[in-house]
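> No sequence on hand, only this structure:
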């Protein structure tokens, strides 16, 4: 820390005015609340996912594709992917807030959000592809 | 701009000279407690679960891409190291789940006394280990049975 050995003030502005509006008391409650709500939503979704893991453990690709083609499975899987990565992003943001200070804070947050967002979109596209591909095959077959 | 936390560490003495405000003591001065380990373990489990979820996305995207990609993923999940990683992911998810339930309870005000928190800690650890072992063993068992059935 720069002020460790010889305390000095670098900007002639009261510390209070510099800190005002930058700490908590802005959007903390919304973040906290979103984290709890997504956590509660993930409880039944995780339970559903555990059951699906039992159904799919050791399954072959056609079996997984057939499973993913059922609209109910695709819906639950999509909800799970979206909420998991939404919750992930909220949680990792808190970790970055705690450990990354100064100029690196915004780039670190943006990088984390980009990676998590892309992962979530990738998962959603995969779920969609499974959901739509099998339907198309079934329609063509019937 | 300087870090706000940094800026607020500089204070004035009554004679006007500058001083660095004291920091609260950190890890090394405290005796080890289970609750402090469970607290940081929840955060670590969240990060580990994130990494695992990325692998889960690899799995579903491979299934969406086709049999060839899926065979590659199955090679990874069939390997002992892959199984170990899956078990680790399960452990992280189960613990994050258990600790999350405890957090929701604390938010509602339940079991939030120091005594109760210290009572519940070992229970949470035990439940996590038990549920993880049962889940991993039964999932691997089901997977092995299904693979054998397909082979025969």
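That came in fine, so what should we check first? Please read all numbers here as calculations on a predicted model, not as lab measurements. Numbering: from 1, shown residues only, chains lettered A, B, ... in the order given.
> Now do residue B:33 against chain A, distance only.
20 Å (CB to the nearest CB, to the nearest Å). Backbone N, C-alpha and C define where each C-beta goes, glycine included.
> And for residue B:49?
8 Å.
> what about that residue, neighbour count?
Counted with other CB atoms under 10 Å in any protein chain shown, residues neighbouring residue B:49 total 25.
> ditto for residue B:149
9.
> now for the one helix or strand it maps to, which elements pack on it?
Using DSSP states H and E, residue B:149 maps to helix B:114-151. Applying 3 or more CB pairs under 8 Å, 6 or more residues apart in numbering or on different chains; DSSP states H and E, one finds that helix B:114-151 contacts helix A:28-56, helix B:34-65, helix B:80-107.
> Looking at these, which is nearest to residue B:144?
helix B:80-107 (10.7 Å; CB to CB).
> where does chain B dip in pLDDT?
B:1-5, B:7 (pLDDT under 70).
> what sits against the residue most central in space within it?
Central residue of chain B (CA atoms, centre = their mean): residue B:45, 0.9 Å from the mean position. Residues near residue B:45 by CB atoms under 8 Å, 6 or more residues apart in numbering or on different chains: B:91, B:92, B:93, B:95, B:96, B:99.
> Give me the nearest residue to the last one, chain neighbours excluded.
Right, the one you point to is residue B:99. Spatial nearest neighbour of residue B:99, chain neighbours left out: residue B:42 (3.9 Å); criterion: CB to CB, 6 or more residues apart in numbering or on different chains.
> returning to that earlier point: may I see the buried residues of the helix holding residue B:149?
Across helix B:114-151, burial judged by 16 or more other CB atoms under 10 Å in any protein chain shown covers B:117, B:120-121, B:124-125, B:127-128, B:131-132, B:135-136, B:139, B:142-143, B:146-147.
> mind checking how far whichever residue of chain A sits closest to chain B is from residue B:141?
Residue nearest to chain B within chain A: residue A:58 (3.3 Å; CB to the nearest CB). Distance, residue A:58 to residue B:141, using CB to CB, to the nearest Å: 10 Å.
> re the thing from before, in a strand, the residue of chain A closest to chain B, correct?
No. Applying DSSP: H, G, I helix; E, B strand; the rest coil, one finds residue A:58 to be coil, outside a strand.
> doesn't residue B:144 make contact with it?
Yes. Residue A:58 lies in contact with residue B:144 (CB atoms under 8 Å); the separation is 6.8 Å.
> residues shared between the contacts of the two?
Joint contacts of residue A:58 and residue B:144 (CB under 8 Å, 6+ apart) do not exist.
> how about the residue nearest in space to the middle of chain A, what does it touch?
In chain A, the residue lying closest to the centroid (CA atoms, centre = their mean) is residue A:85, at 2.2 Å. Neighbouring residues of residue A:85 by CB under 8 Å, 6+ apart: A:116, A:117, A:119, A:120, A:123, B:53.
> quick one: buried residues of the helix or strand harbouring it?
Using DSSP H and E, residue A:85 sits in helix A:71-99. Within helix A:71-99, the residues scored as buried using 16+ other CB under 10 Å are A:73-74, A:76-77, A:79-93, A:96.
> same deal with stretch A:54-63?
Going by neighbour count (16+ other CB under 10 Å), the buried part of stretch A:54-63 is A:56, A:57, A:58, A:59, A:60, A:61.
> That one spans what distance, first to last residue?
13 Å (CA to CA, to the nearest Å).
> Run through who's touching that stretch.
Residues contacting stretch A:54-63 (CB under 8 Å, 6+ apart): A:64, A:67, B:63, B:66-67, B:70-71, B:138-140, B:142-147, B:150.
> what do you get if the cut-off is 6 Å, keeping everything else the same?
Identification of contacts with stretch A:54-63 by CB atoms under 6 Å, 6 or more residues apart in numbering or on different chains yields B:63, B:67, B:70, B:139, B:142, B:143, B:146, B:147.
> Likewise for stretch B:25-34?
Contact partners of stretch B:25-34, identified using CB under 6 Å, 6+ apart, comprise residue B:121.
> ok, now with 8 Å
B:36, B:118, B:121, B:122, B:125.
> what number of residues lie near the closest residue to the last one other than its chain neighbours?
When you say that, I think you mean residue B:125. Leaving aside its chain neighbours, residue B:125 sits nearest to residue B:38 (7.0 Å; criterion: CB to CB, 6+ apart). Residues lying near residue B:38 (other CB under 10 Å) number 21.
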